[in-house]
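Novice: sequence? don't have it. structure:
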């Protein structure tokens, strides 16, 4: 008998029929002799509906009030599922974030979990009750409702699994696991049976939307085994877990692309100390995340500085950069929107040398020009022209043998 | 400067435009120098939508889970209004039933208020904040969400007004006050400027849906002056307050009808002790409210017993009564559905004699047969055939000079 935390996302509870299906899955797990804690998101579309209502009321809705508003979505689904389970003769009870003791800081709409008491859940489990918990929400020290940001229900599930020392945290979603690449772009992409926390973190931060980054960090910190699987189909998913020797046998676990970046280049910057600090200081002050930075070797005393920012922040970033460029007497500012970042991720890079060289060869063979490069211990990213993204993903996926599976 | 509790019902917050209008009214009251506490219902239709969802999930939804579900409706409106007010530069804050300390018993879906702490509201008012409070909901000693039953937002408003010793509690609704009769039936019906708690209670229990009975009881107990007025039109409403000498000058304050009763008659009951106890004991055990009871003088040792029950409970009541009738060897059971109760209400009855006699004369003159009569200190009710209800209401309204107003 194990203690299993099951989290169902918005599409899994999007209709009454799907709530019935979740109830059946919970009942089945219970019938197999396990203890179950269920964590739910709001019905798909509900959070968007509430956000629209708020913006219809006022252009910049207050964030504390936004949390009061958004936290209702999960309360609806937990009540409905608990009713459903009770209607089937199972002893289930719904609990809000407050009731299970998800204590957060006061950063409304993006609160961070400070601690999890989980006392009412422990008491409920001891009585044989199935707790059905509202994801995404907590309460601050002033007893005000907070929310954990988009994807926060994953974090609720992982944090509860950690607090309860659960044997497994299963994230049910609309895909059946983590893939070696986006199957919409790379048809030969394969589902991974296992992936390390570190790789999952890189993939999450690169925009693979299967698991929210902070929940992966949390799982890694507390060693919670997380399984990602489909709530619509039977069968195995992907287990996110500690790195093991099996994983190191492959060079690369996955390849991923990101279109949400844009490149800004300051051309003809006088090569003297403090220029870079001036540029990136003012960009950081405007809360714009700079991802990759390269400084080209220029002609004589002049140099070029290129960097990427989220495409959505481009309108805010360009005037700032132009002002700074003028101050430091740079020649001009160039912007390139149609770029993409293609990345290889894998703990195997630690033990396999030559992954970067092979990546550059593959891209070069396909005629894809590399504009920027950045690397971490388990990741290599290249910025390329956006139009080559699909080609690059498919070529790299094949070249690293990802369609064949582990040797 | 006064402290005013304003309660807005579901139709008053049913759309974004109407929420804007409420925000304007609150802003105006604040600008006049008053302190305001706002209590809101859910958007009209929302509670029904949630009830339907629950019944789509399971035929008999658990009541604790129902409360978790239904309590979301008011949280949406308080968040939206607080955002709206803040967007206008006013310092408003939403609070749930829990956050303002509405402590109830654990009778889910129909909880009774045990106490009101109102600490966060007091603190907020001291800081110049406009508290926007979720009506209809509270929390029990186990920290579970409870709801106060339909119309419970009125009770929240009155209970907060009592706890805060507010100068006035204004119930904004879709009618502009309490009328001498239902204007849809009696076109000459007039709005009353003032009415006593006792009269309002009789009217509420007789089915005039302007104010929930329990909130009137609460207002009477704590002496909270309650004003009922329209949120859609300007102008005066009706003040519900302690009885005063002005009120006693009229014989009757209002006339009201109720179609929700049905009459059951047990014919030919042996006239011996314990028979009535047997009948009404079993009806009470089935949680059916008996309203009026009469026992006719029968022929010889046999008597007839007639009583009214809510029409909705008739299906449940009749088999019960038939069983008891058989046990006591009564002759038969007759049911009459098409009845109505017409009632006169007025504290003036205490000082004016002959109100009952005049009522019977008026009905007789119109050819309306009286089947049952019941009286209280400030009310006389007659059960008549349903088809005569409108006629009876109009005739009584005119005969008691209600269309003319106080002398």
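Specialist: Cool, got the structure. Keep in mind that what you see is a predicted model, and the values were worked out from it rather than measured. Numbers count the residues shown, from 1 in each chain, chains lettered A, B, ... in the order given.
Novice: all strands of the stretch 301-407 of chain A, in order?
Specialist: With strands called from DSSP state E, counting those that start in this stretch, the stretch 301-407 of chain A shows them at A:302-310, A:332-336, A:339-345, A:372-376, A:379-385.
Novice: nearest to residue B:337, out of the ones you listed?
Specialist: Ranking these by proximity to residue B:337 (Cβ to Cβ) places strand A:302-310 first, at 69.1 Å. (Glycine included, C-beta is placed from N, CA and C.)
Novice: between strand A:339-345 and the closest one, find me the angle.
Specialist: Angle, strand A:302-310 to strand A:339-345, by axes from the mean of the first three to the mean of the last three Cα atoms, to 10 degrees: 80 degrees.
Novice: which strands border strand A:302-310, and is each parallel or antiparallel?
Specialist: When pairing is defined by DSSP bridges, strand A:302-310 lines up against strand A:261-270 (antiparallel), strand A:293-296 (antiparallel).
Novice: who's in contact with the last one?
Specialist: This means strand A:293-296. Contact with strand A:293-296 is made by A:276, A:280, A:303, A:304, A:305, A:306, A:307, A:372, A:373, as judged by Cβ atoms under 8 Å, 6 or more residues apart in numbering or on different chains.
Novice: so for that strand, what gets flagged as buried?
Specialist: residue A:294 (16 or more other Cβ atoms under 10 Å in any protein chain shown).
Novice: check stretch A:87-97 too.
Specialist: For stretch A:87-97, by 16+ other Cβ under 10 Å, it's A:87, A:90, A:92, A:93, A:94, A:95, A:96, A:97.
Novice: and the closest residue to residue A:197 other than its chain neighbours, what pLDDT?
Specialist: Among residues not flanking residue A:197 along the chain, residue A:220 sits closest, at 3.6 Å (Cβ to Cβ, 6 or more residues apart in numbering or on different chains). Note on residue A:220: pLDDT of 95.
Novice: ok, now the one 4 residues further on?
Specialist: The model reports residue A:224 with a pLDDT of 96.
Novice: pretty sure it is touching residue A:162, no?
Specialist: Yes - using Cβ atoms under 8 Å, residue A:224 is in contact with residue A:162, at 5.2 Å.
Novice: tell me the secondary structure at the residue of the stretch 101-250 of chain A at minimum distance from chain B.
Specialist: Nearest to chain B, among the residues of the stretch 101-250 of chain A, is residue A:143, at 6.4 Å (Cβ to the nearest Cβ). Secondary structure assignment for residue A:143 (DSSP: H, G, I helix; E, B strand; the rest coil): coil.
Novice: tell me who's in contact with it.
Specialist: With contact taken as Cβ under 8 Å, 6+ apart, residue A:143 is in contact with A:98, B:99.
Novice: by contact count, what packs against the helix or strand of chain A with the lowest mean pLDDT?
Specialist: Lowest by mean pLDDT, DSSP states H and E among the helices and strands of chain A is helix A:245-248, with a mean of 72. Secondary structure elements in contact with helix A:245-248, counted by 3 or more Cβ pairs under 8 Å, 6 or more residues apart in numbering or on different chains; DSSP states H and E, are strand A:194-196.
Novice: partners of the residue nearest to residue A:161 when sequence neighbours are not counted in the sheet?
Specialist: In this structure, residue A:161 finds its nearest non-sequential neighbour in residue A:169, 3.8 Å apart by Cβ to Cβ, 6+ apart. Counting by DSSP bridges, residue A:169 is bridged to residue A:5, residue A:226.
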